[in-house]
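S.K.: sequence and predicted structure below; questions after.
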Amino acid sequence: MSYLRHISTRRLLALVVGCALAVGVGAAAIALAAGGTGTTPPPKPLADAIHDALAAPQPAGVTARIDFTNHLVDAASLQGADPLLTGANGRLWASGDKLRLELQASDTGGGAGDVQVLLDGDRLTVIDPGANTVYRVALPKGAGKQSGQQANEPVPSVARIQQALRTLAQDATVSGAVPDNVAGRPAYSVRVSPRHDGGLLGGAELAWDAEHGVPLRAAVFASGNGSPVLELRATDISFGPVAAGDLTVPEPAGAKIVDLSPPAGGTAQKDQQPVTGLDAVQAKVPFKVVAPDQLVGLKRQGVRLIDHGGTPGALVTYGQGLGGIAVIQTAAEPGKNGTAGIPGGPSLPKISINGASGEELDTALGTVLRFQRGGVDYTVLGSVPPTAAEAAARAL
Amino acid sequence: MSAVPDAPPIEVRGLVKHYGDLVAVGGVDLTVLAGDVFGYLGPNGAGKTTALRMMLGLIRPTAGTVRLFGRDPQAGIAALDGVAGFVEAPRFYPYLTGRRNLELCAALDGDGAAGRIDEVLDIVELRDRAKDKIGGYSHGMRQRLGIAAALLRRPRLLLLDEPATGLDPAGMRDMRLLVRRLADSGMTVLLSSHLLAEVEELCNRVGIVDHGTMAYEGTLEELRRTAGTVYRLRTTDDDRAVAVCRGRAGIEDVAVSATAGVVFRATDEAAVGELSRALTDADALVLELSPSRATLEDLFFALTEGDGANGAAPRASRRPPGPGRGAGGVRPGVLTVYRWELSKLRFQKRTYLGLGAAAVVPIIFCVAVATQKGGPEDVAFGRYIHDTGLAIPFVLLLFGSIWMFPLITALVAGDIVAAEDHNGTLKTILTRSVERSQVFFAKALATATYAIAAIALTGTVAVVAGSIVSGFNALPTLSGTTIQPGRGLVLLGASLLVYLMPILAIAAIGLLFSTLFRNSAAAVVGTLMASLLLQLIGILPGLEGLRPYLLSTQFQAWQGLLRQPVDWAPIVRAAWVCALYAVPSLVAAFLVFLRRDVGGG
């Protein structure tokens, strides 16, 4: 103490800076040791990397910290702080065909609670405490299988993967397997970008663990934007058994239940012959289908009958690929104005289409627009900017 | 650090203190011998008080050395064993009684000083007023209490800085009698004063300082002898007499006064005899030749106004006595100082203001919950405040992080050192038997204790009031699981502990500001502003990457405990992020406190 009191200010500052540097270097060394070496795997062809990932023995379970980015919707237009819409940090547990994703409310600066995304086989459940709502979605059969798939289906050969990649390359630009390091793990990443008209979609990236084949990062980019619009990435990951209790969360008592599953008849309809063509579809629906030959310069591609919650509807498509526009037409339910949005979801900006009121969801990857006219609900959607979607709606 | 045998009580060599370009002390050499009553004289602004501060280790010399019984007061508090006194006016805690102030001083002295309180109160005749708060004491009573506080240390050396300043004539007389008694009991006294009569009456040796340097040091007799005697001369022919006087050996400073005639100074009586003969020979017959002994005032002005005796200060020849009483015995530890810091907090209004807010806010919140149907549904647990009282403290933790807890913490952290500066009491406690480091650690501990008390109070009141309003029921976690009330209480306790981490970091910042600014208001506001600034940075677009490392973010780390399974990552991060703020702040505050010059308040 006496020394510290006596030494000159210059020497004291030198001593303090020296100590701070020593602590900094020590902390950096500890962080490096704890966080992995940042090494990348050896370069290899994409087909080989995919094959090795599929062939890798699946770990007993995965526990990870994750970072979820969502710039799909302009944050300024959102009310509240729902982790699903604003992005959040959180945790992930996965084992077998079960997965739990926890998006924490606290790190977004508010929120009533954590959003829980639960995948159990073919059933997806999203618990949103901010909206006090539980969303349930029944996925197509087999969509949630992971380990079962490994057991029953052989890993595709490298040649078969190469063939699939060649097919994909006709419509998209596929990068090679880029050696990477994600969450301190050696990984490969691949980027896929639309080769032709991709609308607002710029591309997508996927990175997976080089050793276990487990996805570590998935990102979607808007056209002309280097930052991902949507990204789910692991920031810290460990492999090993996961407690069963960590994979489930009870649904809150008193929450609203919203079932977003496709209609039950949907599967049966797969076996039936699709109804296509304007006249054929017109004959099946109780309203007049609006399907001009061209819409905002895009040529009509087709008209198809769809099942919309047990009632028939018409799907009219314009243009090619992701740059196209789809128009869904269904008979309006009596007493509903057709602009109620997603139950419990955010309220959307209101618009007027030739005097009819509607609402619009403008995202970085596309636009969805709904309005009602003459007893018919119209939904216009496409990977296009809102001005193009509104122009299309007004041209109907 | 033990006393050096035969070392004089005070030995100062080449003492210099600069404040930027200002030279406060310009090279003082001084020796006070055992048994001396040493008058330290100088006009206002001569650097007396600055030199005394350096002697007591309150400020660091720019150059030179001070030794008290051979020990360096800059090296540690042990140098003040057997030494006591005060610089400028003695300062005490106005919200404590005289006795309580002495008890504090005694606690910081150790060595049984507490048992001497009544004795020293009797000596200074303050026993009847000992139960009164210092705020009601007269100036004279405070001076006497300062002497009493000094006597608690059983000093062998007493340093008194202008002890009679501001006293009425009776008070001055009493003070002189007291110093005389102490000197007669064998105590060495250094008496800094500009009251020449006081010094002349009490002191056997003097040091005269002028413009920061010593003009004279030695006995009064020697000073007078060196200065010589002034004579008044009247003759039948003064003009001729002046001519005779000038140029004679032993006759100096010859002048003619309209009222007194010829005045001169003679250092030798034989020279005066020879002059008498020479005057008669020159036919200037002597009508009057009378000596007029120089007063200390004459000598003082002669020395400090550049007229008369020069600074060839004769050194005292008396052999310094051996060491007297031993060192201070058992020194008080940090815990003793800490207990007294808590005791001081206990008597301060701001403590009650902060703790009162910590208790009242939950009550107001619960009243609002009881009288309104809705709630803050967009914050964690806000949905459940009508279902269980357990949810209420958690909601309050979220709201409290914005300004309430930073303000409550800053109230004490920003004040705990600065208030001592304001009151001038820092010099009082730093001239007892505790090291500066002990005082600092005790203050840091007391600040932390207060912060813990505030958090615990809020949590407790919120649970009790919340349970009355909404019941003591199970609480849903952030993950959607439900925890029983008992476990909820445990988790609340743990959450409060986690919440304490950023609070302590803010307290460390407050302590730094308090040490740096030396102004309570600036330190309190500065601490609060720093906390708010960190929150604002957190909401700036483009700085999202900084958010995990901001102090404001760590206020939510406790939420990790309310997840299923417990999420330790934010808690671990909060621990090291808070340490990143707290440790440098504490180290900086400590170094500043250790090295700073302690002023008068």
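M.R.: All right, it came through fine.
S.K.: residues contacting residue B:364?
M.R.: Contacts for residue B:364 (C-beta atoms under 8 Å, 6 or more residues apart in numbering or on different chains) come out as none. Placement of C-beta: from N, CA and C, glycine included.
S.K.: pretty sure it is in a strand, no?
M.R.: No - counting by DSSP: H, G, I helix; E, B strand; the rest coil, residue B:364 is not part of a strand but helix.
S.K.: chain center to the helix or strand containing residue B:222, what's the gap?
M.R.: Using DSSP states H and E, residue B:222 maps to helix B:220-227. With C-alpha atoms, centre = their mean, to the nearest Å as the basis, helix B:220-227 stands 37 Å off its chain's centre.
S.K.: again, but for stretch B:459-474
M.R.: Distance, centroid of stretch B:459-474 to centroid of chain: 46 Å (C-alpha atoms, centre = their mean).
S.K.: output the below-cut-off pLDDT ranges for chain B.
M.R.: B:1-5, B:226-228, B:293-295, B:297-298, B:302, B:304-329, B:600-601 (pLDDT under 70).
S.K.: near chain A at all, stretch B:54-70?
M.R.: Yes - contact of stretch B:54-70 with chain A (C-beta under 8 Å from any C-beta of the partner chain) involves residue B:60.
S.K.: identify the bridge partners of the most centrally placed residue in chain A.
M.R.: Nearest to the mean C-alpha position of chain A, counting by C-alpha atoms, centre = their mean, stands residue A:230 at 6.3 Å. Residue A:230 has these beta-bridge partners by DSSP bridges: residue A:70, residue A:220.
S.K.: so how far is residue A:73 from it?
M.R.: 11 Å (C-beta to C-beta, to the nearest Å).
S.K.: who are the contact partners of the nearest residue to residue B:548 once chain neighbours are set aside?
M.R.: In space, and not counting its chain neighbours, residue B:548 is closest to residue B:573: 6.5 Å by C-beta to C-beta, 6 or more residues apart in numbering or on different chains. Shown in contact with residue B:573 (C-beta under 8 Å, 6+ apart): B:548, B:554, B:557.
S.K.: can you tell me the helix or strand for residue B:573?
M.R.: Going by DSSP H and E, residue B:573 is in helix B:569-595.
S.K.: how about that helix: buried residues?
M.R.: Residues of helix B:569-595 classed as buried: B:570-571, B:573-574, B:577-578, B:581-582, B:584-586, B:588-591, B:593-594 (neighbour count, 16 or more other C-beta atoms under 10 Å in any protein chain shown).
S.K.: quick one: name the residues of the stretch 301-450 of chain B near chain A.
M.R.: By C-beta under 8 Å from any C-beta, the residues of the stretch 301-450 of chain B that approach chain A are B:377, B:378, B:379, B:380, B:382, B:383, B:435, B:436, B:437.
S.K.: ok, which pair from the residues you listed is furthest apart?
M.R.: B:377 and B:435 (54.2 Å; C-beta to C-beta).
S.K.: wait, what's in contact with residue B:117?
M.R.: B:99, B:102, B:103, B:106, B:152.
S.K.: the fourth one and residue B:115, how far apart?
M.R.: Using C-beta to C-beta, one obtains 8 Å as the distance from residue B:106 to residue B:115.
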